[in-house]
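Trainee: give me coordinates for this.
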Amino acid sequence: MSRRAGPVEGVFERVAGSGVWYVRFRINGKLVRKSFGADRNSAVAYVEKARTLRRSGDGYVPATAKRPPRSFAEIAAIGTGTTINELCDDALRFSLRNHRDKQNPPTRIASIRAAFDQRPAESVTPLEITAWLEGLGVEAGTEARYKSTLSLCYREGMKNQKVTTNPARLVTNRRVPAGVLRYLLGAEEERLRSTIERRFPHHMPELVIALNTGMRKGEQYGLLWTDVDFASRRLMANNTKNGTPRTIHMNDDALAAMNDLRKMAIGERVFNIRENRTWWYEAIKDAKIANFRWHDLRHTFCSRLAQAGVNLKVIQEAAGHKTIAMTSRYAHLDHTTLQNALAVLNRPTVAV
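Mentor: Numbers count the residues shown, from 1 in each chain. From the prediction side, this is the model:
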């Protein structure tokens, strides 16, 4: 006999006639159940308050039976609990200690402070976070990075036992339009190289390494000389998008460019990212190349491998894509493999 399904929400007796009352409801998709013993009135009041706050958004309904639902007015009156500002302090310390990017995470954390400041961290809802992200007026990718930083604040808070939930995890990232892949055409590259040789010759190795390794900008400009192994022709990228260090192989052109840079080396860093913000845009403008970003050099790297018929799995490994689905964006450029595959359909030539 099939088991009778329990109530989804509301006040109920777990065993009919027992006089032991429970409440049961869902908050952000998680089932919460709490026992009130023989006190049915308290059970009714509890679930009605949770429903009202969930519907109105005027308070905090925890996804655990250990904490009671409270309105924002009640939270303010209590005046206790860890604030967002405290979580930001912890996240900032973590970021400065573990992230090579010392500029963008602190900037995003400052924005979080300005938006939520002394709000009790447990009172912030996913709906509020979504509204804040939309109000930033930034592109979808940047919005996702702000959400990730807020999530870091809560993760550190949970690790330090200051909060029990992470509402940022329940916020869905805005979909990033796929757009059209932009890569450097042959004539454009000739103009760009000519411009760089004429105006910024000492930056030519940066272009060559980008075109021949496909590194992300953060990976390339985060390189230290200790990350470069000339003997094995390998680079170790630690500042990766996925958070996992990866090995990058250098071909002859990339190795030669890296040797040129070694002759000009000053300090522990291979590149100076601050200079990239000036010479690159001037070079693109001078070479009359429209709608082209530094990241499009990475697209150029992947596109040229695909056009040469290189296996998508190899391209995935070379580019450091987390999934093959990201690499498959370049599959339509692989004309060589497609033509060879279609050749099997040719009718055999019959000797006369």
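Trainee: so what's residue 259 closest to, chain neighbours aside?
Mentor: Distances taken as Cβ to Cβ, 6 or more residues apart in numbering put residue 230 closest to residue 259, at 7.4 Å, once the chain neighbours are dropped. For the C-beta atoms, the positions are set from N, CA and C on the backbone; glycine is no exception.
Trainee: quick one, helices of the stretch 151-300 of the chain?
Mentor: 186-199, 204-213, 217-221, 252-263, 273-286, 295-307 (DSSP state H, counting those that start in this stretch).
Trainee: where in the stretch 201-350 of the chain is pLDDT low?
Mentor: For the stretch 201-350 of the chain, the stretches flagged by pLDDT under 70 are 242-243, 350.
Trainee: for burial, what's the neighbour tally of residue 279?
Mentor: Residues near residue 279, counting by other Cβ atoms under 10 Å, number 16.
Trainee: that one contacts residue 203, correct?
Mentor: Yes: taking Cβ atoms under 8 Å as the definition, residue 279 is a contact partner of residue 203 at 5.5 Å.
Trainee: how does this protein divide up, domain by domain?
Mentor: 10-70, 84-170, 186-339 (automatic domain parsing).
Trainee: can you tell me which of those domains is nearest to residue 349?
Mentor: Nearest of those to residue 349, taken as Cβ to Cβ: domain 186-339 at 18.1 Å.
Trainee: run the chain-centre distance for the closest one.
Mentor: In terms of Cα atoms, centre = their mean, to the nearest Å, the centre of domain 186-339 is found 21 Å from the chain centre.
Trainee: once you drop chain neighbours, what's closest to residue 250?
Mentor: Leaving out its chain neighbours, the residue that sits closest to residue 250 by Cβ to Cβ, 6+ apart is residue 233, at 4.5 Å.
Trainee: look up how far residue 60 lies from the one you found.
Mentor: According to Cβ to Cβ, to the nearest Å, residue 233 and residue 60 sit 55 Å apart.
Trainee: then residue 268?
Mentor: Distance from residue 268 to residue 60, by Cβ to Cβ: 47 Å.
Trainee: of the two, which one has the most company?
Mentor: Per other Cβ under 10 Å, whichever of residue 268 and residue 60 has more neighbours is residue 60, with 25 against 10.
Trainee: can you read off the pLDDT for the more buried one?
Mentor: For residue 60, the pLDDT comes out at 71.
Trainee: if it is in a bridge, with which residues?
Mentor: Beta-bridge pairing for residue 60 (DSSP bridges): residue 70.
Trainee: quick one: contacts for it?
Mentor: 53, 69, 70, 72, 75, 120, 122, 123, 124, 125 (Cβ atoms under 8 Å, 6 or more residues apart in numbering).
Trainee: and those, which is the shakiest by pLDDT?
Mentor: Among those, residue 75 carries the weakest pLDDT, at 64.
Trainee: nearest to residue 346, of the domains of the chain?
Mentor: domain 186-339 (11.1 Å).
Trainee: start and end of that closest one, how far apart?
Mentor: Distance across domain 186-339, first residue to last, is 23 Å (Cα to Cα, to the nearest Å).
Trainee: same thing with stretch 277-294?
Mentor: With Cα to Cα applied, stretch 277-294 spans 10 Å between its terminal residues.
Trainee: now render the domains of the chain as JSON lines, adding distance to residue 349.
Mentor: Listed next are these as JSON lines, based on distance: least, Cβ to Cβ, whole Å:
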{"stretch": "domain 10-70", "distance to residue 349": "63"}
{"stretch": "domain 84-170", "distance to residue 349": "53"}
{"stretch": "domain 186-339", "distance to residue 349": "18"}
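Trainee: among the ones you listed, which is nearest residue 347?
Mentor: Per Cβ to Cβ, nearest to residue 347 of the domains of the chain: domain 186-339, 16.5 Å.
Trainee: wait, what's in contact with residue 138?
Mentor: Residues counted as contacts of residue 138 (Cβ under 8 Å, 6+ apart) are residue 146.
Trainee: that one - that's part of a helix, no?
Mentor: No: the assignment for residue 138, made by DSSP: H, G, I helix; E, B strand; the rest coil, is coil rather than a helix.
Trainee: quick revisit: are any of the contacts of residue 60 buried, and which?
Mentor: Among the contacts of residue 60, the ones that count as buried by 16 or more other Cβ atoms under 10 Å are 53, 69, 70, 75, 120, 122, 123, 124, 125.
Trainee: looking at this, residue 24 is in a strand?
Mentor: Yes: per three-state DSSP, residue 24 lies within a strand segment.
Trainee: whichever helix or strand residue 339 is part of packs against which elements?
Mentor: Assigned by DSSP states H and E, residue 339 falls within helix 335-342. Using 3 or more Cβ pairs under 8 Å, 6 or more residues apart in numbering; DSSP states H and E, no helix or strand is in contact with helix 335-342.
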